[in-house]
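Colleague: Pasted the sequence and its predicted model underneath.
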Amino acid sequence: ACSRKNRNAALHPLWQSPLTIPGGTRQSPINIQWRDSVYDPFLKPLKISYDPTTCLHIWNNGYSFLVEFDDSTDRSIIVGGPLENQYRLKQFHFHWGAINDWGSEHTVDSKFYPAELHLVHWNAVEYPSFEEAVMEGNGLAVIGVFLKLGARHEGLQTLVDALPAVKHKDTVIEFDVFDPSCLLPSCPDYWTYAGSLTTPPLTESVTWIIKKKPIEVDEDQLEAFRMLLFTSDGEEEKRMVDNFRPLQPLMDRTVRSSFQ
Ligand SMILES: COCCCN1C=C(N)c2cc(S(N)(=O)=O)sc2S1(=O)=O
Ligand SMILES: [Zn+2]
């Protein structure tokens, strides 16, 4: 069913139409209707322990910029929350808009934020590799954090200062110490639901953990994201903006909250 909201979502050239995989019953992103979310008292607090020295590099993959981590050991993990196992940090990336009125993938009560951070983790307890975990229903756990316009974020600035070096698609820069927990809000509250990757292969393998509180970044920091390019060096320049997927139908899913 193509709800009114879907028609409003910016249809990005990458998504000629709201792409859903045939038979997809748990696609992401979704609108989180606060009053329809169900408080689950059995949800545990999410425990996050990242080792900043596992940070490897920043990579412009032509869709977003990814900060990738060494996931060969359990040095950077999350556990608890809705998760049965511990999950290893693989990478984090962002989605953002051309202007501040939109840019996030998830919405809350149909409100878009100017950007959204995704911290991608995989279930290394049950699966031998990230590639295999991507194909399994409980293979991935992604923490989503909304970014709102406000004060300058000092932790993010070290990342922003490196972005000019990865302006073009398929450029990489070494980035060897960064603690992504500085990008998380201090409030422990989150929503959680069963969903999918929001970019191809769109596999339905993600336990989403969406933080209720946004972090604040300033206009210059959002503009730094917008000066990245989708295109390689030498190609006609296309600014990397609006790299978010349209909202997908909730179907037979319940969004649970860790808070009342
Ligand atoms: C074998 O690997 C297949 C590629 C999987 N990945 C690529 C993405 N585009 C991607 C998007 C993700 S998102 N936007 O749903 O967090 S997570 C993620 S990912 O897990 O890092
Ligand atoms: Zn993402």
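Modeller: Great, that's in hand. Numbers count the residues shown, from 1 in each chain. Ligands and ions are numbered 1, 2, ... in the order given.

Colleague: which residues sit in contact with D71?
Modeller: By CB atoms under 8 Å, 6 or more residues apart in numbering, the contact list for D71 reads T54, R88, L89, K90, W122, A124, F130. From N, CA and C alone the C-beta is placed, and that goes for glycine too.

Colleague: likewise T171?
Modeller: W59, N60, A165, D233.

Colleague: go with 7 Å
Modeller: By CB atoms under 7 Å, 6 or more residues apart in numbering, T171 lies in contact with N60.

Colleague: For ligand 1, see how far away it is.
Modeller: The gap separating T171 from ligand 1 is 17 Å, by CB to the nearest ligand atom, to the nearest Å.

Colleague: and that residue, what are its phi and psi?
Modeller: The phi and psi torsions at T171 (degrees, to the nearest 10) take the values phi -100, psi 150.

Colleague: Could you check how many residues crowd around the nearest residue to S49 once chain neighbours are set aside?
Modeller: Using CB to CB, 6 or more residues apart in numbering and skipping the chain neighbours, the partner closest in space to S49 is I77 (6.0 Å). By the measure other CB atoms under 10 Å, the count of residues near I77 is 20.

Colleague: Contacts only, for I77.
Modeller: I77 neighbours (CB under 7 Å, 6+ apart): S49, Q86, Y87, R88, L89.

Colleague: Adjacent strands (with direction) for the helix or strand that contains the fourth one?
Modeller: Using DSSP states H and E, R88 maps to strand 87-96. Sheet pairing for strand 87-96, assigned by DSSP bridges, gives strand 65-69 (antiparallel), strand 77-80 (antiparallel), strand 115-122 (antiparallel).

Colleague: Name the nearest residue to D218, sequence neighbours excluded.
Modeller: The shortest distance from D218 to any non-neighbouring residue, by CB to CB, 6+ apart, is to R152 (4.2 Å).
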